[in-house]
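Participant: next come a sequence and a model predicted from it.
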Amino acid sequence: MVIIKFFQTGGPFMYPILIVLALGIAIAIERFLYIARTQSKTQKIWAQLVPMLKANDYERAQKLTQATSTPLAQMLNYGFARRQSNAKRETIESAMEEGMMEVMPDLEQRTHYLATFANIATLLGLLGTIIGLIQAFTAVAAADPAEKADLLSASISVAMNTTAFGLVAAIPLILLHSYLATKTARLVDNLEMAAVKCLNLMDNS
């Protein structure tokens, strides 16, 4: 097949690029599943919390958040804990912000690796091409003059394969990074909005 031949003629640098691409895709899949699962759980627990908050049943609301290991529950737990001591809105809000800071690393972890892997794939491709060109010119220097042009063009074509494959790996990794960063930002916005709504419901109680 053309793809297999393209890979085989690219030289040894094709393998580390492939490993970087595989790692990046694995991280992207894990992050996508985590964010999708967290978003679903967030919507579910918020739907359960709203009636409790409207009914001023904060004891049940706190039991629910304590029994659930989601970023929203962790964040609201800080606020509910402050509310028990009859703290002011500003104090409860500050506590929720502290909870938000605690869950943020879990939401954003490993996503930034995708951009790093994209850069590594591109650089590995360029490095493979440069080394391939050095080897090509070294081989051509000792070749028969009549064969130099054909040998050089063939060697350069093979050396360029690593750059092409590096870009083939980097482009989807950059797109995945952008997509996941956007999804994560949207989830963070939803959590912050839920915190504000929770505070407003507390004020109305």
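Facilitator: Sure, I can see it. Residues are numbered from 1 along each chain as shown.
Participant: what ranges does the chain have for its helices?
Facilitator: All helices of the chain, identified by DSSP state H, fall at 2-8, 14-54, 58-66, 71-83, 89-108, 111-141, 148-203.
Participant: which stretch in the ones you listed has the least confidence?
Facilitator: For those, the weakest mean pLDDT is recorded on helix 2-8, namely a mean of 73.
Participant: got the buried residues for it?
Facilitator: Residues residue 7 are the ones in helix 2-8 that count as buried (16 or more other Cβ atoms under 10 Å). Backbone N, C-alpha and C define where each C-beta goes, glycine included.
Participant: ok, stretch 90-98 next?
Facilitator: Buried residues in stretch 90-98, counted by 16+ other Cβ under 10 Å: 92, 93, 95, 96.
Participant: ok now do the spatially most central residue of the chain, which residues does it touch?
Facilitator: Ranked by distance to the mean C-alpha position of the chain (Cα atoms, centre = their mean), the top residue is residue 111 at 2.2 Å. Under the criterion of Cβ atoms under 8 Å, 6 or more residues apart in numbering, the contact partners of residue 111 comprise 27, 31, 177, 180, 181, 184.
Participant: and if we set it to 6 Å?
Facilitator: With contact set as Cβ atoms under 6 Å, 6 or more residues apart in numbering, residue 111 has these partners: 31, 180.
Participant: what do you get for the one 5 residues further on?
Facilitator: Taking Cβ under 6 Å, 6+ apart, we find residue 116 in contact with no residue.
Participant: ok, it to residue 132 distance?
Facilitator: Between residue 116 and residue 132 the distance is 24 Å, computed by Cβ to Cβ, to the nearest Å.
Participant: my read is that residue 96 contacts residue 81, right?
Facilitator: No: with contacts counted by Cβ atoms under 6 Å, residue 96 stays clear of residue 81, the gap being 10.2 Å.
Participant: now do stretch 166-186: everything it contacts.
Facilitator: Residues external to stretch 166-186 that are found in contact with it (Cβ under 6 Å, 6+ apart): 17, 21, 24, 28, 31, 35, 107-108, 111, 114-115, 117-118, 121-122, 124-125.
Participant: buried among the residues you listed? Make that a PyMOL selection.
Facilitator: Paste this into PyMOL to select the buried members of these, with burial taken from 16+ other Cβ under 10 Å:
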select buried, resi 17+21+24+28+31+35+107+108+111+114+115+117+118+121+122+124+125
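Participant: follow-up on the earlier one: most tightly surrounded among the helices of the chain?
Facilitator: helix 71-83 (a mean of 22; mean count of other Cβ atoms under 10 Å).
Participant: show me what it is packed against.
Facilitator: Of the remaining helices and strands, those touching helix 71-83 by 3 or more Cβ pairs under 6 Å, 6 or more residues apart in numbering; DSSP states H and E are helix 58-66, helix 89-108.
Participant: if we go to 10 Å?
Facilitator: The criterion is 3 or more Cβ pairs under 10 Å, 6 or more residues apart in numbering; DSSP states H and E, and the helices and strands that helix 71-83 contacts are helix 14-54, helix 58-66, helix 89-108, helix 148-203.
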